[in-house]
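>>> no sequence for this one, just the structure:
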């Protein structure tokens, strides 16, 4: 059953290959599941830097002394970092994304702490119909975060536009 | 004004502790909070944010490519725009944990844009299983410097109730 699929290179000359990422819109089908690699270990330092970058003032994320007095006993990794990392970690398969339009839902199911490793997994829920002259098509997907203990930490549903084959801004040979 | 709308607490004469977050008891359905400061997205922060979350999509990593898609302005990644929701944490600083975000719609935001957030309280109830906490249902949205709304979402979060939680023990 196992087999390799979707070329990761474009042959551009004799013994010369250019790296290629992402599925075209036409390649997506409802029910496909993608396990994205690599995973990423999130540190408490990452957590602090996310709070600095986004001006987050909630001390549960960066005051360990405060966090020790809560039920979690240690700082909670901030939702925005988890969502951004997981979406980022899907980039190889969804490289031909034009834009993210919407998150229908983002559910936080279990806490994430510094030192945890997250893996992203996605499932295609809907593939839209497109007109001939549009350059991209709509897909809806679920993106799950799964930690090193196989616990699902969160689940998102989002919709994005993916470029159709031959509609990438650079020629197909360049990307 | 409600008691917890203060930002300092005088613990002995002339000694003040800064406080964050409105108490669960002081939220009322229909209140709207305008959050400050705003957040200006710079070219440096926008491109480094995309890289820092492991997103190597050419729309951010390759600005020659990005200009073909988005024009001469550099588009801020949607996840960075969403993450600017952290600007709501002064008011919701007594958060225990975020539970969910729903109906999050995001319009294009470009480098140089500044977003300002506001939040409306849609609902609140005491938690049955967590007697020291309450559940808030909040609608938030952000507009840019021209007044155009570019991000909106609803959120459910748990916040600590008054005089409980980790504050006294943690020196808050």
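Right, received. Where do you want to start? Predicted, not measured: the structure shown is a model, and the values here were computed from it.

>>> what sits against residue 155?
I'll assume chain A. A:105, A:106, A:107, A:109, A:142, A:143, A:144, A:145 (Cβ atoms under 8 Å, 6 or more residues apart in numbering or on different chains). The way it works is simple: take the backbone N, C-alpha and C, and place the C-beta from them, glycine included.

>>> think we crossed wires, I meant chain B
Listed by Cβ under 8 Å, 6+ apart, the contact partners of residue B:155 are B:85, B:98, B:100, B:101, B:102, B:137, B:138, B:139, B:140.

>>> if we go to 10 Å?
The neighbours of residue B:155, taking Cβ atoms under 10 Å, 6 or more residues apart in numbering or on different chains as the test, are A:79, A:106, B:85, B:88, B:92, B:98-104, B:119, B:122, B:136-140.

>>> Repeat that for residue A:86.
A:36, A:40, A:106, A:118-122, A:143-146, A:153-156, B:53-54, B:79.

>>> try it again with 6 Å
Under the criterion of Cβ atoms under 6 Å, 6 or more residues apart in numbering or on different chains, the contact partners of residue A:86 comprise A:120, A:143, A:145.

>>> Please go through the contacts of residue A:155 and note which also touch chain B.
With Cβ under 6 Å from any Cβ of the partner chain as the criterion, the subset of the contacts of residue A:155 in contact with chain B comprises A:105, A:106, A:107.

>>> got a winner among those residues for most neighbours?
Among the ones next to chain B among the contacts of residue A:155, the one with the most neighbours (other Cβ atoms under 10 Å in any protein chain shown) is residue A:106, at 24 neighbours.

>>> In helices, which of the contacts of residue B:155 appear?
For these, membership in helices holds for residue A:79, with DSSP state H as the criterion.

>>> picking up where we left off before, of the contacts of residue A:86, closest to residue A:97?
Minimum separation from residue A:97 among the contacts of residue A:86 (Cβ to Cβ) is found for residue A:143, which lies at 12.5 Å.

>>> Surely that closest one touches residue A:157?
No. With contact taken as Cβ atoms under 6 Å, residue A:143 and residue A:157 are classed as non-touching, separated by 7.9 Å.

>>> what's in contact with stretch A:49-60?
Counting by Cβ under 6 Å, 6+ apart, stretch A:49-60 makes contact with A:61-62, A:66-67, A:76, A:78, A:80-81, B:20, B:83, B:86-87, B:89-90, B:93, B:95, all of which sit outside it.
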